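Q: Just need the structure, nothing else, for what follows:
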Amino acid sequence: MTTLARNTAAAARIVVVVANVVAFIIGLWILLYLLEANRANDLVEFVREAARWLAGWSHDLFTFDKEWARVVAGYGLAAVVYLFLGHAVAGALRRR
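A: The predicted structure follows:
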C-alpha cells in the first residue's frame with residue numbers, strides 16, 4: 001500500500017469517527033430529552049449545548065405541535081445528515 005493510499009484511508013477513518021461522534025452526541029441529547037433528564041446536571045447541559053450547536057441549522061426546522069416531535073425530527077435529521085455525509089465522504093476518499 002502506498003503512502004498516499006494509507007493517508008487517504010486514515011483520513012476516511014477520521015471522517016467516519018467524527019461523523020459517528022457527532023451523531024452520537026445528537027442522539028444522546030434526543031434520548032436525554034425524551035427521558036426528561038435533569039437539566040441542572042452539568043453533563044446533561046453539556047450534551048444539550050453541544051447538540052444545539054451541532055444541529056443549529058436544523059433546530060426548530062419543523063413546526064409540530066408537540067415539542068418532543070420537534071426535538072426528535074430536528075435533531076434526528078441533523079444526526080442522519082451528519083452520518084450520511086460523513087460516510088459518503090469517507091467512501092469517496094477510500095475510492096481515490
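
Q: Tell me where the model's unsure across the chain.
A: Within the chain, the ranges that satisfy pLDDT under 70 run 1.

Q: Nearest to the spatial middle of it, which residue is it?
A: In the chain, the C-alpha nearest the mean C-alpha coordinate belongs to A23, at 2.4 Å (Cα atoms, centre = their mean).

Q: from memory that one sits against L83, does it?
A: Yes - at 4.8 Å, A23 counts as touching L83 under the criterion of Cβ atoms under 8 Å. For glycine as for every other residue, the C-beta is placed from the backbone atoms N, C-alpha and C.

Q: In this structure, which helix is the longest?
A: helix 3-34 (DSSP state H).

Q: Pull out the buried residues from it.
A: Under the neighbour-count criterion of 16 or more other Cβ atoms under 10 Å, helix 3-34 has 8, 12, 15-16, 19, 22-23, 25-30, 32-33 buried.

Q: now swap in stretch 64-83 and tell me
A: 70-79, 81-83.

Q: Mind putting these into a markdown table with secondary structure and distance to W57?
A: Shown next, in a markdown table, are those (DSSP: H, G, I helix; E, B strand; the rest coil; distance: Cβ to Cβ, whole Å):
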| residue | secondary structure | distance to W57 |
| --- | --- | --- |
| R70 | helix | 15 |
| V71 | helix | 15 |
| V72 | helix | 16 |
| A73 | helix | 14 |
| G74 | helix | 10 |
| Y75 | helix | 11 |
| G76 | helix | 14 |
| L77 | helix | 9 |
| A78 | helix | 7 |
| A79 | helix | 12 |
| V81 | helix | 9 |
| Y82 | helix | 11 |
| L83 | helix | 15 |
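
Q: Dump the residues you listed into TSV; add distance to L4 as well.
A: Below are the buried residues of stretch 64-83 laid out as TSV (distance: Cβ to Cβ, whole Å):
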residue	distance to L4
R70	45
V71	43
V72	42
A73	41
G74	40
Y75	37
G76	37
L77	35
A78	33
A79	32
V81	29
Y82	27
L83	27
